[in-house]
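> sequence and computational prediction follow.
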Amino acid sequence: MGSGFVEQALPSWRRAVLKVGSSLLAADEGGLSPRYAAALAAFVERSRANGRDVVIVSSGAVAAGRALATPGQAMGLPARQALAALGQTRLIALWQGFFDAPVAQVLLTHDDLRHRRRYLNARSTLRELLALRAIPVINENDTVAVDELKLGDNDNLAAIVAALVDADILLIATDIGGLYSANPRIAPDAAPIDDVAAVTPELYAIAGGSGSRSGTGGMRTKLEAAEKAAAAGIETILFDGTDATVVGRLADGMLSGTRIRAPRTRLAARKYWLRHAPSAGSITIDPGAARAVRERGASLLPGGVLGATGDFARGDVVEIACEEDGLPVGRGISQYAAVDIRRIARKHTRDIDAVLGYSYGENVIHRDDLVAL
Ligand SMILES: Nc1ncnc2c1ncn2[C@@H]1O[C@H](COP(=O)(O)OP(=O)(O)O)[C@@H](O)[C@H]1O
Ligand SMILES: N[C@@H](CCC(=O)OP(=O)(O)O)C(=O)O
């Protein structure tokens, strides 16, 4: 029996976040199983061979750890956290087993992503890992992630990561064909929904909880994730990771599952945000740098910077002004604090380290973080 979803073209993409739920990795007898992960890994491999980047957000640490715990043992929060710590090494080993390329373990909490500096550090690390052609495998840092530190679930984590790494698409592999008009495990005649223009309250009303022992959020958290991704201009795809044919076709650019659209493009969403975020200060640049930013969309290097006003921190949004006419050139996220910029202004990129004693890279503002006005 098919899932009822009609095959449609997958929107073209260059960088994806692939979220793999516990239900796809947990073995019936406890621990992890490569059963479904193998086809998903083959998809990652094929995508990478075509020059695309894939970041994996993988659940399954608790499920993996369960095989190592005594059955019947009390399962309070610390016990779950201990299971996650035990299971995480197995989880990474499972993924590494599929790839020749190195897998990098990245564990994140809400706190890491809420604080601007740590957010930027996570972003730089992930960018660097992708530049190294490594395969980042991300999970929530369950050891410390309790209550207010918790992102709650990996669907939401995957959406935040998608925005973090500038992904074009968020692929959520789950244990069901996609979104249905009701939970098919309860309502067998539920109808598949192939295409969603926007996540609405009505949609949340049809999304129920998890259908398996290992899964957590059910469709609700997948819709929350899709809503977050859409706000950043990223489309979300829900598909059945247990169906090797569906996964194989995905690598051919064809989807059987649910496509949840984003109302605006990624660039438009980002530029809108950069234009409207409150600014914490300004950077003055010379006319040559102003031309490079305006006409070529170039990154801002320290050589073209003349100074900084205000007391902004690394990661703040700042105005960029041209010293010649004082007119605004653009806005962007500064990689350096105002105090640092005053010291590296007019210096060559290679001297940053010598002047400051550290470096956050060659750009004062990276072109991806810059909008010309
Ligand atoms: N409207 C719906 N359409 C599809 N699945 C639904 C719906 N409402 C609830 N679900 C449940 O959501 C489950 C998938 O979520 P979950 O168990 O958390 O998996 P994962 O481990 O992949 O995150 C499905 O197996 C299904 O039981
Ligand atoms: N960090 C947890 C994952 C929790 C989670 O969100 O699970 P799931 O709903 O299966 O994606 C673990 O690795 O077990």
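Received the coordinates, thanks. Numbering: from 1, shown residues only. Ligands and ions are numbered 1, 2, ... in the order given.
> assign residue 133 to helix, strand or coil.
Following DSSP: H, G, I helix; E, B strand; the rest coil, we place residue 133 in the coil state.
> same deal with the one 10 residues further on?
Remark: residue 143 carries the secondary structure label coil [criterion: three-state DSSP].
> same thing with residue 292?
Applying three-state DSSP to residue 292 yields a three-state assignment of helix.
> can you pull the buried residues of the strand or helix carrying residue 205?
Assessed by DSSP states H and E, residue 205 sits inside helix 201-206. If you call a residue buried by 16 or more other C-beta atoms under 10 Å, then helix 201-206 has these buried ones: 203, 206. All C-beta atoms are positioned from the backbone trio N, CA, C, and that covers glycine.
> now the following helix or strand past it: mean pLDDT?
As assigned by DSSP H and E, the chain's next helix or strand after helix 201-206 is helix 218-231. Average pLDDT, helix 218-231: 93.
> repeat for stretch 53-72
Stretch 53-72 shows a mean pLDDT of 88 in the predicted model.
> buried residues, stretch 61-68. List them.
For stretch 61-68, burial by neighbour count (16+ other C-beta under 10 Å) applies to 61-67.
> and those residues, which is closest to residue 138?
Taking C-beta to C-beta as the measure, residue 138 sits nearest to residue 61 out of these, at 11.5 Å.
> for residue 305, give me its contacts.
Residue 305 is in contact with 283-286, 289, 341, 344-346, 364, counting by C-beta atoms under 8 Å, 6 or more residues apart in numbering.
> of those, which are in range of ligand 2?
When C-beta under 6 Å from any ligand atom is applied, no member of those is adjacent to ligand 2.
> whichever of those residues end up buried, select them in ChimeraX.
Selection of the buried residues among the contacts of residue 305 in ChimeraX, burial being defined by 16+ other C-beta under 10 Å:
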select :283,284,285,286,289,341,344,345,364
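> what about the helices in the stretch 251-373 of the chain?
Secondary structure of the stretch 251-373 of the chain (DSSP state H, counting those that start in this stretch): helices at 266-276, 287-296, 338-344, 352-356.
> what does the first one rub up against?
So the one you mean is helix 266-276. Contacts of helix 266-276 with the rest of the structure, by C-beta under 8 Å, 6+ apart, involve 166, 168, 231-234, 262, 264, 317, 331-333, 368-371, 373.
> which of the residues in that helix are classified as buried?
Residues of helix 266-276 classed as buried: 266, 269-271, 274 (neighbour count, 16+ other C-beta under 10 Å).
> check stretch 223-243 too.
By neighbour count on 16+ other C-beta under 10 Å, the buried set for stretch 223-243 is 223-243.
> how about that stretch as CSV, C-alpha atoms only?
The C-alpha trace of stretch 223-243 is given here as CSV (Å, rounded to 0.1, in the frame of the first residue of the first chain):
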residue,chain,number,x,y,z
LEU,A,223,5.3,22.2,11.9
GLU,A,224,7.0,24.4,14.4
ALA,A,225,10.3,23.7,12.7
ALA,A,226,8.8,24.4,9.3
GLU,A,227,7.4,27.7,10.6
LYS,A,228,10.8,28.8,11.9
ALA,A,229,12.5,27.7,8.7
ALA,A,230,10.0,29.6,6.6
ALA,A,231,10.6,32.8,8.5
ALA,A,232,14.2,32.5,7.5
GLY,A,233,13.2,31.8,3.9
ILE,A,234,13.9,28.1,4.0
GLU,A,235,11.5,25.4,2.7
THR,A,236,10.8,22.3,4.7
ILE,A,237,10.3,18.8,3.3
LEU,A,238,8.7,16.0,5.3
PHE,A,239,9.3,12.5,4.0
ASP,A,240,9.3,8.8,4.9
GLY,A,241,12.8,7.8,5.9
THR,A,242,11.7,4.2,6.3
ASP,A,243,11.0,3.9,2.6
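> is ligand 1 within reach of that stretch?
No. Stretch 223-243 does not reach ligand 1 (C-beta under 6 Å from any ligand atom); its nearest approach is 7.4 Å.
> distance from the chain centre to that stretch, please.
Centroid separation between stretch 223-243 and its chain, computed with C-alpha atoms, centre = their mean, to the nearest Å, is 11 Å.
> can you start the count at 870 instead of 1 from here on
Yes, from this point I'll number from 870; that puts the last item at stretch 1092-1112.
> residues contacting the host helix or strand of residue 933, please?
Residue 933 belongs to helix 930-935 when elements are defined using DSSP H and E. For helix 930-935, the surrounding residues in contact (C-beta under 8 Å, 6+ apart) are 891, 894-895, 899-901, 949, 951-957, 959-960, 963, 1008, 1011, 1083.
> give me the buried entries from the residues you listed.
Buried by 16+ other C-beta under 10 Å: 891, 894-895, 900-901, 949, 951-957, 959-960, 963, 1008, 1011, 1083, out of these.
> cross-check those against ligand 1 and keep the overlap.
Checked against ligand 1 using C-beta under 6 Å from any ligand atom, those yield the following neighbours: residue 891.
> go ahead and confirm residue 1130 touches residue 1068.
No. Between residue 1130 and residue 1068 there is no contact under C-beta atoms under 8 Å: 9.6 Å.
> quick one: common contacting residues for the two?
Common neighbours of residue 1130 and residue 1068 (criterion: C-beta under 8 Å, 6+ apart): residue 1099.
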